[in-house]
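J.: mind folding the following:
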Amino acid sequence: MKKREFIVQDLLSKIYQEEFEAGKLPNQRELAKIYGVSRFTIQQAIKNLEEIGIVRVVQGSGIFVHEEWVKNPLIFNSLTRTPYDRIDSKMLKLKKAPATLEEQKIFQMSGPEEVWTFERVRIVNYKIEQLEISKMPVALFPDLSQEIVEHSIQNYVEKKGYRISHYITSYDPITTSKEQSNVLLCKRGTPAMQISNRAILEDGQVYEYSSIIAIDYSVTYIRPFDREIHQSRID
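T.: Purely as a prediction, here's the structure:
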């Protein structure tokens, strides 16, 4: 593990345990001394924490744990830790067609309806990192367009008046196919992560189902220990 990654994870652990008095971290010079690294390494670690919304840096005052930090599960990866202005999406395909039986089940449709299918690549720091294939019901989103696909789907959904509740996500290690490799500009058989995602509204309606192929993928989880669930699994 790189020194910067170790420092990020160690600081996250300390923040999570509320070890910093009044939510203020030591200054960069003190942190460099504590971890035995250069101030540049500390700057990069703090930048990572700032980009994922955990700390805020106030010039002349110090480094503070963000006021909205709460003890909830936290997941960060190459997308969530990168500012939006360094992430781009490019649409490859957009079409609508009658829903298959499987799609009718996914979107809880009572009968034949149409479903949008779009493909896009996610570009992080000018490098293609993900290939996404997503489906959304036409009845909920009749005006889906290339402009929307190449921006934030979440913003679009909420601007339509819907409220997003949660996501159900699964991860499977794979190797890229010839077609996937051509899009992702990597060698065929490159190790990757397949991420399947169901996005759900507050009323329980699934509004998007997506399958993402991600290369150079790493993820860190922070989650509270649920003693009751742990004990029930033992018993």
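J.: helices and strands of the protein: which one bottoms out on pLDDT?
T.: Every helix and strand of the chain was ranked by mean pLDDT, DSSP states H and E. The lowest is strand 74-77, at a mean of 61.
J.: how much space between the nearest residue to Gln205 once chain neighbours are set aside and Leu201?
T.: Nearest non-adjacent residue to Gln205, counting by Cβ to Cβ, 6 or more residues apart in numbering: Gln108, 6.6 Å away. Backbone N, C-alpha and C define where each C-beta goes, glycine included. From Gln108 across to Leu201, the span is 11 Å (Cβ to Cβ, to the nearest Å).
J.: same check, this time on Val65
T.: Distance, Val65 to Leu201, using Cβ to Cβ: 31 Å.
J.: again, but for Ala97
T.: 23 Å.
J.: these two: which is more packed in?
T.: Using other Cβ atoms under 10 Å, the more surrounded residue of Ala97 and Leu201 is Leu201, with 17 against 12.
J.: list the residues that contact Val157.
T.: Shown in contact with Val157 (Cβ atoms under 8 Å, 6 or more residues apart in numbering): Phe141, Ile164, Ala199, Leu201, Tyr207, Glu208.
J.: tell me the mean pLDDT for the host helix or strand of it?
T.: Using DSSP states H and E, Val157 maps to helix 153-159. What helix 153-159 shows for mean pLDDT is 95.
J.: which parts of that helix are buried?
T.: Across helix 153-159, burial judged by 16 or more other Cβ atoms under 10 Å covers Ile153, Tyr156, Val157.
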